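S.K.: Sharing a sequence plus its predicted fold:
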Amino acid sequence: MTMRWFRFLLMLSLGAALGLIYGWMVNPVKYVDTPPAALRVDYKSDYVLMVAEAYQAEGDLELAARRLALLGDRPPAELVREAMVWGSQAPYPEGDMDLLTRLASDLQTWNSLPGAPAPGETRP
């Protein structure tokens, strides 16, 4: 009886090992041209947080909006609000939530027309 169990477990382990080798080395999945809009909500939220961090450092609201546009055709402020909801559930640290809040606030007041100045920006 123990020899049958040994063979069973040996074959089960061998099959699992061969399946992993085939799936990881011989024929792995190749993602080609996968759009950022296809990301899960947690990864989208992390991306939005990275955009908020870049906006904090650069101060370029138009660039931040263009970066957020990679996540789909929804308004940038809506994407930031979604990230804030996820961040409050995750939970993100308070400093990260402050960055998201600032970005959301600035996007609310920003006119997205081409050539429109960002808040605080003056043009002749």
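M.R.: Perfect, thanks for sending it.
S.K.: Outline the domain layout of this protein.
M.R.: The chain breaks down by automatic domain parsing into domains covering 1-30, 36-109.
S.K.: Can you lay out those domains as TSV showing mean pLDDT and mean neighbour count?
M.R.: From N, CA and C alone the C-beta is placed, and that goes for glycine too. Output for the domains of the chain, formatted as TSV (pLDDT from 0 to 100; neighbours: other C-beta atoms under 10 Å):
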stretch	mean pLDDT	mean neighbour count
domain 1-30	92	9
domain 36-109	93	17
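S.K.: Not counting sequence-adjacent ones, nearest residue to residue 51?
M.R.: With C-beta to C-beta, 6 or more residues apart in numbering as the criterion, residue 51 has its nearest non-adjacent residue at 4.7 Å, and that residue is residue 67.
S.K.: centre of the chain versus stretch 65-72, how much separation?
M.R.: Put simply, stretch 65-72 sits 11 Å off its chain's centre (C-alpha atoms, centre = their mean, to the nearest Å).
S.K.: what's in contact with it?
M.R.: Stretch 65-72 has contacts (C-beta atoms under 8 Å, 6 or more residues apart in numbering) with 35-37, 39, 44, 47-48, 51, 54, 76, 79-80, 107, 110, 112.
S.K.: any idea which helix or strand carries residue 92?
M.R.: If you go by DSSP states H and E, residue 92 is not part of any helix or strand.
S.K.: Excluding chain neighbours, what is closest to it?
M.R.: residue 49 is the one closest to residue 92 (C-beta to C-beta, 6+ apart), at 7.0 Å.
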